[in-house]
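# sequence and predicted structure below; questions after.
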Amino acid sequence: MTTRTVRAAVVAAAVAAVIGAGGVPAGAADGPQRYPAVLVGHGPTLHPEGATWDPVHRRFLVGSMPHGTVSTVRPDGSTATLIDDPALVSVVGLHVDAAHHRVLVVNGDTGAGLRSTPATARRTAGLGAYDLTTGRRLFYTDLAAVAGDGGEHLGNDVAFGPDGTAYVTDSFAPLVYRVGVDGAASVLVRDARLAVSPGGFGLNGIVRQGGVLVIGTYETGALWRVPIACPDTFTRVAVAGGADRLIGLDGLLARPGGTVAGVTNRLGGSGAEAEVELHSPDGWRTARLAAVRPSPDAAPTALTPGPGDRVYQLSGRLDLLFAGTPVDTFTLRRVG
């Protein structure tokens, strides 16, 4: 991620495309069609930062940084708008909560969105919940207001538990939020130890591993262990096997057996573009970097389950978006 403002370039390339992104009725299911190993998606300047698998309708969903929308992705790569909520400036992380028939969507604003304004840029963190079939809003919670500090905020990623309680990271403030299934929210953790350098990019990917949250920091590659029942006792995870190779750590994905996979990129720093695999023998008090695999695609930002519980890596070409040269394609590539 980066915070360079490229709104003017995106507007010039994409204003005419906003309506065109919604080709079929919201919630139309794609059925049990086969998704390819390399899915090249196409939709007018969507530039997704996050992707998720919808096991109910058996389809991928992707967000849009410029448009603030969520779209379905068919096996042929075509897209259709499912969620178009004016409250969403830029969709960052999103995850399907199938048990509650909803998709959780994190709102932020780096300045790269068509809906960005001076009042919202670098001051937006929110979580929306939407019906998985219709895209209807169930709730939207302004997390920057919950923080109550009047400072800079950027909602980034979300994890959730079996009861539907969600946990959201903030990349511009040392905060993790807790949001109930009804949208009621509070600050789970607020601590200066989670802060990064001025103008830097902080907390990013988050996964739930039993009773703890594992959270990555983009700028430093630090991993944090946050016990949900006693969040104030959070600690930094000691990582063996090359912790410096986690710089630029973006999206995380919990895998069977307690493994956590993730991606690194150089969008906002010196990180490599790679997929990483982390194991922990002791409930994430410590961890070992078990694998680092170079990414075949530029600027990967997320991993998501796919059909057959295979893992797909997302490249939404945010590097091109932030450079002011938006494109209409993105890639979901099977990597596991």
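Thanks, I have it. Numbers count the residues shown, from 1 in each chain.
# what bits of this protein have low per-residue confidence?
1-33 (pLDDT under 70).
# just the CA trace of the helix or strand hosting Arg208, in CSV.
Following DSSP states H and E, one finds Arg208 within strand 203-209. Only the C-alpha atoms of strand 203-209 are listed here, as CSV (Å, rounded to 0.1, in the frame of the first residue of the first chain):
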residue,chain,number,x,y,z
LEU,A,203,-1.3,-2.5,10.9
ASN,A,204,-2.5,-4.5,7.9
GLY,A,205,-3.5,-8.1,7.6
ILE,A,206,-5.3,-9.9,10.4
VAL,A,207,-6.4,-13.5,11.0
ARG,A,208,-8.1,-15.2,14.0
GLN,A,209,-6.3,-18.3,15.3
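# packing partners for that strand?
Counting contacts by 3 or more Cβ pairs under 8 Å, 6 or more residues apart in numbering; DSSP states H and E, strand 203-209 packs against strand 153-160, strand 166-170, strand 175-179, strand 212-217, strand 249-254, strand 260-264. Just so you know, the C-beta spots here come from the backbone N, C-alpha and C atoms, and that holds for glycine as well.
# show me where the stretch 51-200 of the chain has its helices.
With DSSP state H, counting those that start in this stretch as the criterion, the stretch 51-200 of the chain has helices at 143-147.
# now do the strands in the stretch 201-336 of the chain.
203-209, 212-217, 223-227, 235-236, 238-240, 249-254, 260-264, 274-279, 286-294, 300-305, 311-315, 329-334 (DSSP state E, counting those that start in this stretch).
# just so I know, which of the ones you listed lies nearest Gly161?
Among the strands of the stretch 201-336 of the chain, the nearest to Gly161 by Cβ to Cβ is strand 203-209 (5.8 Å).
# tilt between that closest one and strand 153-160?
10 degrees (axes from the mean of the first three to the mean of the last three Cα atoms, to 10 degrees).
# quickly list what the nearest residue to Trp224 once chain neighbours are set aside is bridged to.
Distances taken as Cβ to Cβ, 6 or more residues apart in numbering place Ile215 nearest to Trp224, at 4.6 Å, with adjacent residues excluded. Taking DSSP bridges, one obtains Ile206, Trp224 as the residues bridged to Ile215.
# to Phe60, which of the strands of the stretch 201-336 of the chain lies closest?
Here strand 329-334 is closest among the strands of the stretch 201-336 of the chain (Cβ to Cβ), at 6.2 Å.
# sheet-wise, list the partners of the closest one with their directions.
When DSSP bridges is applied, strand 329-334 pairs with strand 38-42 (antiparallel), strand 311-315 (antiparallel).
# that older thread, give me every residue that touches the residue nearest to Trp224.
Counting by Cβ atoms under 8 Å, 6 or more residues apart in numbering, Ile215 makes contact with Thr169, Val176, Leu203, Asn204, Gly205, Ile206, Leu223, Trp224, Val226.
# again, but for Leu94
Here Leu94 is in contact with Gly50, Ala51, Thr52, Leu61, Gly63, Val70, Val103, Leu104, Val105, Val106, Val158 (Cβ under 8 Å, 6+ apart).
# how about 10 Å then?
By Cβ atoms under 10 Å, 6 or more residues apart in numbering, Leu94 lies in contact with 48-52, 61-63, 70, 83, 103-106, 128, 130, 157-158, 302, 304.
# restricted to strands, list these.
51-52, 61-63, 70, 83, 103-106, 128, 130, 157-158, 302, 304 (DSSP state E).
# which residue sits closest to Leu175, ignoring its sequence neighbours?
Spatial nearest neighbour of Leu175, chain neighbours left out: Arg190 (5.2 Å); criterion: Cβ to Cβ, 6+ apart.
# do Val70 as well
Closest to Val70 by Cβ to Cβ, 6+ apart is Ile83, at 3.9 Å.
# same check on Phe234?
Nearest to Phe234 is Val226, by Cβ to Cβ, 6+ apart, at 4.2 Å.
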